[in-house]
Structures are given as C-alpha cells and as structure tokens.
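Novice: just coords:
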C-alpha cells in the first residue's frame with residue numbers, strides 16, 4: 001500500500017496528502033467538536049472522571065479485546081466474532097495508514113528505517129491477512145443483515161441506507177487497498193511482495209500481460225481514489241451511525257463505576273422538582289452521550305422482555321430517538337427557543353412505563369450504553385408532573401402513607417407470623433442476623449410462605465436472629481424505579497435511622513430488590529451494612545452442616561434467575577448450589593439462563609403498573625419453563641414467585657409444575673411443611 005513517489009513524475013505527493021488530510025480531518029474534528037459541545041452545554045453534570053487510571057486501563061482492555069461484543073456470542077448469533085475482526089481490521093489499517101500513507105509519502109523508506117526490513121515484511125503480511133479477514137467479515141455481515149435477516153436485524157433502523165453506505169464504503173476502501181498493492185507490485189516490485197493478497201493480485205496482473213507502465217499508472221489511480229475515500233469517510237463519520245466508532249470508547253471510559261445495582265442519587269431534590277419533559281437540560285451529559293454511542297445493532301431490543309412481549313418499548317429506538325432529538329433541537333435549546341416535547345412527541349409515556357428495569361439491554365449492549373438511568377430519569381419527569389397511571393399513583397401513595405406499596409397498614413407487618421414465635425430486635429440487645437422480611441414477604445399471601453420457610457430454617461440452624469417487625473418500612477426500590485426519588489430517600493432515611501439503633505452483624509433478606517437496595521443504594525445515603533441474600537446464607541448453613549437436607553423422591557427442576565440477583569449483583573452459583581445440595585434433585589437449565597435469563601415482568605414497578613398491551617411477560621417466561629419438562633421451577637425472589645405462580649395457574653391449571661422458592665424447597669427436604 002505504498003504511495004506513488006510523485007504526481008505526474010514532477011511534484012512530491014506529501015504536500016497534497018497532508019493538505020487533503022488537514023482539510024478532511026479538520027472538518028471531521030469540527031463536527032465531532034460540535035456534537036460533543038452540544039451535549040456538554042445542555043446536559044447536567046455527572047461525576048464520571050473519578051478513578052481515571054482504572055477507567056483508562058479498563059477501556060483499553062475492553063476496546064482491544066472486544067469483550068463486550070464477544071460476550072453475546074452464541075451458536076445462533078456469531079455477530080460478535082465478526083465485529084471482533086472488523087474492529088481489529090480497523091485498528092490494523094489505521095496503524096498502517098499512519099506508517100505507509102503519512103509516513104512514506106513524506107519520507108520514502110521510513111517504515112524500513114523504523115522497523116527494519118524483516119519487521120516491515122511481517123507487519124505487511126499481518127495487515128494483509130487482517131484485511132482479508134475484515135473483507136470476509138464485512139461480506140458475511142452484508143449477507144447476514146440484508147439476506148438472512150436474523151430477528152434482531154429485522155428491526156427497523158438496523159437495515160438503514162446509512163448502514164449500507166458505510167459497509168459499501170469500507171469494502172471499497174479495502175478492495176482498493178489490495179488493488180493498489182497488487183498494481184504496485186506488478187509495476188516491477190513483485191519480488192518484494194510480502195502480503196498474500198498483494199502477491200496473488202500482482203502475479204495475476206502479470207499473467208494477464210499488464211505492462212509495467214500501465215501497472216504503475218493504475219497503482220497511482222487506485223491509490224489516490226483509495227486515499228480520497230478514506231478522507232471522505234472521515235468527514236462522513238460524524239453524520240453517520242458510525243459515530244459510535246469514535247464515541248463508544250468514551251461511553252466505556254465514562255461508564256458508571258458504582259455497583260451495577262445502583263442508580264445515580266439526586267442530591268438536590270429541590271432542583272429536581274423543576275424537571276420538564278421538554279427540556280434536554282434535565283438529562284446528564286453522559287445520558288446524552290449514550291445516544292451518540294448506540295451502534296443500532298438491535299441487541300438491546302432483541303433481549304428486552306417488554307419488546308419481545310409486543311409492547312412499544314425498544315431500547316435501541318429510545319437511544320436513537322434521543323440522539324435524533326438532541327441533534328435536531330439541541331442548538332435551539334441552547335439559545336432558549338421552544339421545541340417539540342421530548343415526552344409525547346418523540347418518546348411516548350407508554351414506552352417509558354413499559355420498562356421492567358431488568359437491565360437485559362445493558363447486559364447485551366456492546367458499547368456499555370446505560371439505558372435504565374435514562375428511563376428512570378424520564379419517569380422522574382412524569383412523576384413530578386403527576387403524569388402517572390392510577391395504579392402507580394396508588395402504589396406511591398401507599399408507600400408514602402403506609403410504608404408499603406400493598407395498601408396494607410403498617411400494624412399488619414407481622415400478621416404473616418401469627419401463631420409463631422418470632423423474635424423482634426427491639427426485645428434483644430444484640431443479634432447475629434437481622435432478617436429483613438420485605439413488603440412482599442409481609443403482605444403478599446404467596447410470599448408469606450417464603451418468610452415462614454426462612455424462619456423455620458433459621459430456627460433449625462440455631463441462628464441468633466431477629467426481625468424489625470412493625471419498625472420495618474418499604475426499602476424504597478419500587479419508588480425509586482418508578483421515578484419517585486424523593487419518596488425513595490424518605491423511606492431509605494427512615495429505615496437507616498431505625499437500623500442504626502440496633503446491633504447486628506448482617507442483614508439477611510430473601511428479596512433481591514431489598515438486597516440490592518440495602519447493599520448498593522443505601523451507602524449513597526451514608527449507611528453501610530453487610531447484606532446477604534438468603535441463597536448465599538442457606539448455602540453457608542448447608543456447607544457448615546447446620547442444615548442437612550434429607551433424601552426424598554426424585555425431583556426434576558429448573559431455576560429462574562431473578563434480574564436483581566443475577567444481572568444486578570452477579571449472584572448465579574449460590575442458588576444452584578443450594579438446589580444441587582438437595583439429594584436426588586436433577587437440575588435442568590432453561591435456554592435463557594443466568595445473564596440472559598428473561599425477566600419475570602414484575603420489576604421497575606410493573607407488578608403494579610400492569611400494562612394491558614402485548615403478551616404477559618410472565619406467561620412467556622413460564623412457557624420457557626414448560627419447554628424443559630420439569631416438576632418445579634425454583635425461584636429466589638418473591639416478585640418472581642408471585643408472577644410465575646400466576647402464570648402457572650393459567651398455563652398449567654392442573655398444577656403439574658409448581659413454583660417454589662429455594663427456601664421452601666430446603667424446608668421440604670428437611671421433612672417439614674411450610
């Protein structure tokens with residue numbers, strides 16, 4: 001890919017190369033600057049510059065390993081592998097352009113001088129080989145996207161004209177690079193051939209009788225067209241979907257380093273009351289940057305339970321619409337002019353409320369876009385304006401007045417334990433474990449069985465434990481994820497005040513929503529507790545011999561991973577190890593398990609929102625249970641138990657498949673009834 005030595009044999013090429021590059025890259029940089037300046041001038045501040053070395057090292061590791069793209073690889077979807085070759089093809093070609101175009105045009109022989117003859121040969125061979133793989137990956141991508149059309153690429157936007165232009169441009173640039181090298185070698189340099197493609201093309205041209213002079217001319221023509229297309233591509237990138245190629249390393253660098261399960265704390269609630277659905281200033285610059293980074297690959301949408309159930313929400317379209325809105329009305333916002341409303345005209349309220357905040361979209365996103373923060377911010381705007389459904393309003397008001405979303409009196413928090421001798425922490429000076437029951441465990445009839453099972457197991461193991469009883473209030477998870485930040489902080493601060501009165505080593509909870517809130521979000525308010533989920537705790541008791549499951553009848557079961565336990569907190573193995581510790585139990589995994597598990601449909605307040613559009617998500621998940629032909633679907637979350645139990649009554653009215661929490665299964669293995 002060496003450049004011609006001169007133009008018409010008279011003028012050195014480097015002044016033209018550098019002048020054209022300065023113009024093209026200058027225009028590209030200017031438009032990138034305009035894009036970035038826009039979100040910095042409009043967006044709210046967000047602290048994403050802490051731990052700079054950690055951010056830098058991890059960003060380099062992710063970009064060069066392409067770990068986020070490869071994470072989604074499966075036997076049905078190998079796009080991550082193709083993207084790996086495309087990304088490394090870009091890296092290889094970009095480095096070769098610096099050396100062979102800009103270096104050699106100004107100083108012929110620079111590559112040999114810097115690297116040595118042998119190293120240059122190996123480097124040229126490597127670039128040639130990577131280019132061949134890149135070309136193959138792109139051709140495969142064209143067939144896959146426009147011919148095979150797998151489900152996620154059948155979504156609107158993934159097959160845009162913009163995507164076709166970009167792929168065609170890259171294929172043309174690579175092909176011209178190979179042709180240019182072939183013509184150069186055929187013009188009298190064939191003996192210096194190092195790359196397999198260039199050597200093959202040179203020999204082909206020579207065998208076809210191409211003269212040295214014609215080859216030299218074609219080398220110059222193809223090289224200059226190739227260079228012009230590169231510069232044109234650089235100008236086009238800021239206006240295309242390939243903007244993500246430059247922005248995505250920034251979204252990875254500026255990603256949240258807080259625990260996965262935490263949401264950004266709104267510290268100034270008075271300022272937050274000024275939220276308006278028409279104002280981009282209410283979103284952080286990072287939320288706006290995420291729109292630029294979206295690669296429109298469809299992975300998020302194809303994993304979204306709301307979208308798959310037929311609801312309007314599509315995380316990909318949400319991010320694309322935010323970017324489009326920002327670019328269209330952003331300049332007007334800066335100068336104070338009015339614009340169409342973001343919520344209503346661009347993003348419907350229905351889309352905002354469809355989300356279960358399950359984080360499946362973020363798990364799949366190859367560029368670490370943070371969809372859930374944006375959706376919760378949008379909900380905050382709606383809550384502030386009282387634009388909520390009657391069900392949401394009831395749940396929020398119940399949390400505010402009664403301390404729980406179930407519209408039950410606080411005095412009834414211990415009704416589930418009626419007739420049982422439960423221990424309250426106010427009657428004890430110090431305990432080893434504080435058992436946090438949660439609102440579902442206290443008020444929901446089905447979830448109360450889980451609470452009773454846990455009390456039996458704690459007693460069986462001889463644990464020094466106690467409950468808060470009527471002093472416990474909702475942890476605040478539903479309020480926060482439905483957009484009522486002020487209510488969340490009120491509930492959390494009330495609970496923190498109570499918790500700090502007592503002496504205990506650990507908080508135990510069977511609810512992943514409570515676990516996530518106490519462990520990851522209460523520290524934002526200055527409260528640090530050691531929190532353990534009941535799956536982890538039960539595994540400890542079994543391994544220590546304090547609980548000994550007995551052999552019973554053979555049991556085939558599968559496990560449903562709760563979103564707030566798995567994707568939010570990375571707890572996958574303890575639940576399975578508890579189940580495997582029960583003798584004669586056969587564990588069968590569903591097709592969608594662990595990080596790819598489908599949400600039960602209850603998170604993000606959906607258990608109260610109850611959208612009527614599309615299929616019920618819990619029914620879809622239960623159908624996946626039916627596919628593996630088991631007797632029991634085990635859960636480790638009261639919300640999941642509630643939702644799947646409802647689905648079981650509809651899908652399996654005979655009761656062939658039972659829905660049971662892992663605590664209930666362990667109690668049963670001890671020969672006890674809940």
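Specialist: Great, that's in hand. Since this is a predicted model, take the numbers as computed values, not measurements.
Novice: residue 507: what secondary structure?
Specialist: strand (DSSP: H, G, I helix; E, B strand; the rest coil).
Novice: confirm for me that it is in contact with residue 531.
Specialist: Yes - with contact defined as CB atoms under 8 Å, residue 507 reaches residue 531; the gap is 4.8 Å. Where you see a C-beta, it was placed from the backbone N, CA and C, and this is true even at glycine.
Novice: got phi/psi on residue 504?
Specialist: The phi and psi values for residue 504, taken as degrees, to the nearest 10, are phi -150, psi 160.
Novice: for it, give its distance to residue 454.
Specialist: Residue 504 sits 16 Å away from residue 454, taking CB to CB, to the nearest Å as the criterion.
Novice: which one's more surrounded, the two?
Specialist: residue 454 (26 against 20; other CB atoms under 10 Å).
Novice: so what's that one up against?
Specialist: Residues in contact with residue 454, defined by CB atoms under 8 Å, 6 or more residues apart in numbering, are 435, 508, 510, 534, 663.
Novice: what about the nearest residue to residue 348 once chain neighbours are set aside, which SS state?
Specialist: Excluding its sequence neighbours, the residue lying closest to residue 348 (CB to CB, 6 or more residues apart in numbering) is residue 312, at 6.5 Å. At residue 312, secondary structure determined by three-state DSSP is coil.
Novice: how many neighbours does residue 312 have?
Specialist: The burial count for residue 312: 16, using other CB under 10 Å.
Novice: what's near enough to touch it?
Specialist: The contact partners of residue 312, taken as CB under 8 Å, 6+ apart, are 348, 350, 351, 354, 613.
Novice: hmm, back to that, of the contacts of residue 454, closest to residue 495?
Specialist: Residue 495 lies nearest to residue 435 out of the contacts of residue 454, by CB to CB, at 14.3 Å.
Novice: which stretch of helix or strand covers the closest one?
Specialist: Element membership for residue 435, per DSSP states H and E: strand 431-436.
Novice: give the rounded mean pLDDT of that strand.
Specialist: For strand 431-436, mean pLDDT is 96.
Novice: and after it, which helix or strand comes next?
Specialist: Where DSSP H and E defines the elements, the next helix or strand beyond strand 431-436 is helix 438-443.
Novice: per-domain residue ranges of the chain.
Specialist: Residue ranges for the domains of the chain, per automatic domain parsing: 6-240, 269-384, 402-541, 548-669.
Novice: put together a markdown table for the ones you listed, with distance to residue 394 on each row.
Specialist: Shown next, in a markdown table, are these (distance: least, CB to CB, whole Å):
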| stretch | distance to residue 394 |
| --- | --- |
| domain 6-240 | 31 |
| domain 269-384 | 13 |
| domain 402-541 | 7 |
| domain 548-669 | 7 |
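Novice: lowest average pLDDT across those?
Specialist: domain 6-240 (a mean of 81).
Novice: quick one, what contacts residue 458?
Specialist: Counted by CB under 8 Å, 6+ apart, residue 458 has contacts 433, 435, 465.
Novice: between the residues you listed, which sits nearest residue 629?
Specialist: Distance to residue 629, by CB to CB, is smallest for residue 435 among these, at 35.5 Å.
Novice: thought the closest one was touching residue 469?
Specialist: No - here residue 435 does not reach residue 469: they are 10.3 Å apart, not a contact under CB under 8 Å.
Novice: of those two, who's got more company?
Specialist: Comparing residue 435 with residue 469 by neighbour count (other CB under 10 Å), the higher total belongs to residue 435, at 28 against 18.
Novice: the more buried one bridge partners, please.
Specialist: Using DSSP bridges, the bridge partners assigned to residue 435 are residue 467, residue 508.
Novice: can you pull the contacts of it?
Specialist: 454, 455, 458, 465, 466, 467, 508, 509.
Novice: same thing but at 10 Å, please
Specialist: Contacts for residue 435 (CB atoms under 10 Å, 6 or more residues apart in numbering) come out as 422-423, 425, 441, 451, 454-455, 458, 463, 465-468, 472, 504, 506-510, 534, 537.
Novice: ChimeraX command for the buried members of those residues?
Specialist: Buried residues among the contacts of residue 435 (16 or more other CB atoms under 10 Å), as a ChimeraX selection:
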select :422,423,425,441,451,454,455,458,463,465,466,467,468,472,504,507,508,509,510,534,537
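Novice: ok, and what's touching the host helix or strand of residue 392?
Specialist: Using DSSP H and E, residue 392 maps to helix 390-402. The contact list for helix 390-402 (CB under 10 Å, 6+ apart) reads 353, 379, 382-383, 386, 388-389, 404-412, 439, 443, 473-474, 476, 478-479, 482-484, 486-488, 490-491, 605, 607-611.
Novice: could you pull out the helices for the stretch 551-674 of the chain?
Specialist: Remark: helices assigned in the stretch 551-674 of the chain by DSSP state H, counting those that start in this stretch are 573-580, 606-609, 617-627, 638-651, 662-669.
Novice: dump the residue contacts of the residue nearest to the spatial centre of the chain.
Specialist: Nearest to the mean C-alpha position of the chain, by CA atoms, centre = their mean, lies residue 362 at 1.2 Å. Contact analysis of residue 362 by CB under 10 Å, 6+ apart lists 255, 260, 300, 303, 315, 368, 369, 370, 371, 372, 373, 567.
Novice: distance-wise, check it relative to residue 260.
Specialist: Residue 362 is 8 Å from residue 260, by CB to CB.
Novice: overlap in contacts, the two.
Specialist: Here residue 362 and residue 260 have residue 567 as joint contacts, going by CB under 10 Å, 6+ apart.
Novice: looking at the contacts of residue 362, spot the one nearest residue 112.
Specialist: Out of these, the member with the shortest distance to residue 112 (by CB to CB) is residue 368, at 40.5 Å.
Novice: I'd say that closest one and residue 253 touch.
Specialist: Yes - between residue 368 and residue 253 there is a contact under CB atoms under 10 Å: 9.4 Å.
Novice: now do the shared contacts for those two.
Specialist: Contact criterion CB under 10 Å, 6+ apart; residues shared by residue 368 and residue 253: 59, 62.
Novice: all strands of this protein, in order?
Specialist: Here the chain has its strands, by DSSP state E, at 6-7, 11-12, 431-436, 465-467, 504-509, 531-533, 555-559, 585-587, 632-635, 658-661.
Novice: next, format those as CSV and append distance to residue 247.
Specialist: Shown next, in CSV, are the strands of the chain (distance: least, CB to CB, whole Å):
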stretch, distance to residue 247
strand 6-7, 36
strand 11-12, 36
strand 431-436, 41
strand 465-467, 49
strand 504-509, 39
strand 531-533, 36
strand 555-559, 38
strand 585-587, 42
strand 632-635, 39
strand 658-661, 43
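Novice: right, so those strands: which one is the most enclosed?
Specialist: Across the strands of the chain, averaging neighbours per residue (mean count of other CB atoms under 10 Å) puts strand 632-635 on top, at a mean of 26.
Novice: given it, what are its sheet partners and their directions?
Specialist: In its sheet, and by DSSP bridges, strand 632-635 pairs with strand 555-559 (parallel), strand 658-661 (parallel).
Novice: would CSV of these with distance to residue 123 be doable?
Specialist: As requested, those are exported to CSV (distance: least, CB to CB, whole Å):
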stretch, distance to residue 123
strand 555-559, 50
strand 658-661, 59
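Novice: please convert the buried members of the contacts of helix 390-402 into ChimeraX selection syntax.
Specialist: Buried members of the contacts of helix 390-402, defined by 16+ other CB under 10 Å, are picked up in ChimeraX with:
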select :353,379,382,383,388,389,404,405,406,408,439,443,473,474,476,478,479,482,483,484,486,487,488,490,491,605,607,608,609,611
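Novice: once you drop chain neighbours, what's closest to residue 513?
Specialist: Nearest-residue entry for residue 513: residue 477, 4.3 Å, with adjacent residues in sequence omitted and distances by CB to CB, 6+ apart.
Novice: how about residue 601?
Specialist: In space, and not counting its chain neighbours, residue 601 is closest to residue 617: 3.1 Å by CB to CB, 6+ apart.
Novice: and if you look at residue 355?
Specialist: residue 375 (4.8 Å).
Novice: from residue 283, how far off is that neighbour?
Specialist: For residue 375 relative to residue 283 (CB to CB), the value is 11 Å.
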